[in-house]
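Novice: Dropping a prediction and its sequence here:
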Amino acid sequence: MSPTGFIKGQVQQLHVLDYGLFKVHANGRVIGICGFLMVTDRGERILVDTGFPQKYAEDVEAASLEDKLGGFGEVLELTRDNLPKTQLAKAGVAMADIDLLIMTHTHIDHVGGLCDFPNVPILIAKAERNLAKPLYWGDVKPMDWPDRKYLLVEGDIGLGPNLRVLLVPGHAPGQLAILVDLPNSGPMLLVSDAISRPAEVDEKFEGSWNEGLAIESGNRLIKLAKDQGAEIIYGHCPAQWPTLRKTPEYFT
C-alpha cells in the first residue's frame with residue numbers, strides 16, 4: 001500500500017515526547033531520547049518512534065547487560081514515565097488511539113516499542129524493512145519484525161496535506177526525516193539521527209553506517225531547512241534538548 005496521502009487531515013499539534021536520557025561513553029555526551037506525537041484536525045494521531053524497550057524501565061542494569069549496551073553507553077534516566085504509554089497519556093492519548101506509527105529507523109533507542117501497537121500500520125523505509133531484523137544495537141538483534149501492515153517509503157512522499165516524509169539514508173539504511181508545516185509555528189524539520197546535533201555536519205558524520213550518504217543527506221536537510229525557513233529539531237542535541245517544549249505542551 002502506498003503511504004502517499006495516507007493522512008487526510010492537517011497536522012495541528014506537534015508534541016515532543018521524552019523517552020529518557022543516555023550517556024555516550026566515548027565522549028561523555030548526555031543526550032535526550034525523543035519521539036513525537038502529531039495530531040491532525042481530523043483527529044488522526046501519528047506516533048514517531050518509540051524509545052528504548054520497556055525492559056529498561058523495569059530493570060536498567062539487567063537490560064543493559066542482556067543487550068551488551070555497556071560497551072557503548074549508559075541509560076541515565078528511563079522510568080515508566082519515559083515509555084510511550086505514559087508520554088502519550090500526558091497528551092491525553094491512549095496507545096489504542098494511534099492511527100499510524102512512523103519509524104525513522106530501527107536503532108535501540110527508537111525501536112523499543114515497535115511491537116506494542118498491534119493494530120497500527122507502520123510507516124518505514126523499504127531499505128530498513130528489507131533488513132532481516134531491526135538494527136537494534138551493534139551485533140545484538142533480538143527483535144523480529146511484527147506482523148503488521150507496512151507502508152514502505154522508497155523516496156520522499158507527501159504523507160498528508162502539510163506533512164512530508166523524507167528518505168535521508170546514511171545514519172541507517174532507511175533513515176527518515178519529517179517536515180511538518182504547522183499553522184502557527186510554521187515549518188518544522190524533524191531530522192532524527194540524520195543529524196543528531198549541529199556539530200555532526202562539520203564532523204562529516206563519522207561513524208555512520210554510510211558516511212558518504214550521511215554527508216549528502218545532512219547537507220540536503222540543512223539546505224531544505226534554510227530554503228523553507230524551518231526550525232530543526234535534532235535527533236540528540238544536548239544543547240537543544242532541555243529547551244524543547246515537551247508534552248503536555250506542544251507546538252501548533
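Specialist: Looks like it came in fine. Numbers count the residues shown, from 1 in each chain.
Novice: Same question for stretch 30-47: list its buried residues.
Specialist: Using 16 or more other CB atoms under 10 Å as the test for burial, stretch 30-47 gives 30-40, 44-47. Yep, even glycine has a C-beta here, placed from its N, CA and C like the rest.
Novice: what's the span of stretch 163-179, first residue to last?
Specialist: 6 Å (CA to CA, to the nearest Å).
Novice: mind checking the longest helix of this protein?
Specialist: helix 211-228 (DSSP state H).
Novice: Using PDB, write out every CA atom in it.
Specialist: Extracted in PDB, the C-alpha atoms of helix 211-228 (Å, rounded to 0.1, in the frame of the first residue of the first chain):
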ATOM      1  CA  GLU A 211      29.400   8.300   5.900                       C
ATOM      2  CA  GLY A 212      29.100   9.400   2.300                       C
ATOM      3  CA  LEU A 213      25.300   9.100   2.200                       C
ATOM      4  CA  ALA A 214      25.100  10.700   5.700                       C
ATOM      5  CA  ILE A 215      27.000  13.800   4.400                       C
ATOM      6  CA  GLU A 216      24.800  14.000   1.400                       C
ATOM      7  CA  SER A 217      21.600  13.700   3.400                       C
ATOM      8  CA  GLY A 218      22.800  16.100   6.100                       C
ATOM      9  CA  ASN A 219      23.700  18.800   3.600                       C
ATOM     10  CA  ARG A 220      20.400  18.300   1.900                       C
ATOM     11  CA  LEU A 221      18.400  18.700   5.100                       C
ATOM     12  CA  ILE A 222      20.400  21.900   6.100                       C
ATOM     13  CA  LYS A 223      19.600  23.400   2.700                       C
ATOM     14  CA  LEU A 224      16.000  22.400   3.000                       C
ATOM     15  CA  ALA A 225      15.600  24.000   6.400                       C
ATOM     16  CA  LYS A 226      17.200  27.200   5.100                       C
ATOM     17  CA  ASP A 227      15.000  27.300   1.900                       C
ATOM     18  CA  GLN A 228      11.800  26.500   3.900                       C
END
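Novice: So which other helices or strands are in contact with the helix or strand of the chain with the lowest mean pLDDT?
Specialist: When the helices and strands of the chain are compared on mean pLDDT, DSSP states H and E, helix 199-202 comes out lowest with a mean of 94. Contacts defined by 3 or more CB pairs under 8 Å, 6 or more residues apart in numbering; DSSP states H and E place helix 199-202 against helix 211-228.
Novice: now the residue most central in space within the chain: how far from His25?
Specialist: Among the residues of the chain, the one closest to the centroid is Asp49, at 4.1 Å (CA atoms, centre = their mean). As judged by CB to CB, to the nearest Å, Asp49 and His25 stand 23 Å apart.
Novice: what do you get for Ala96?
Specialist: On the measure of CB to CB, Ala96 and His25 end up 38 Å apart.
Novice: How about Asp97?
Specialist: 38 Å.
Novice: Am I right that Arg164 falls within a helix?
Specialist: No - checked against DSSP: H, G, I helix; E, B strand; the rest coil, Arg164 lies outside a helix; its state is strand.
Novice: which residues sit in contact with it?
Specialist: Counting by CB atoms under 8 Å, 6 or more residues apart in numbering, Arg164 touches 156-158, 178-180.
Novice: Specify the beta-bridge partners of it.
Specialist: Judged by DSSP bridges, the bridge partners of Arg164 are Gly158, Leu179.
Novice: Can you give me the buried ones in the longest helix of the chain?
Specialist: For helix 211-228, using 16+ other CB under 10 Å, the buried residues are 213-215, 217-218, 221-222, 224-225.
Novice: same question, stretch 197-214
Specialist: Buried residues in stretch 197-214 (16+ other CB under 10 Å): 197, 200, 205, 208-210, 213-214.
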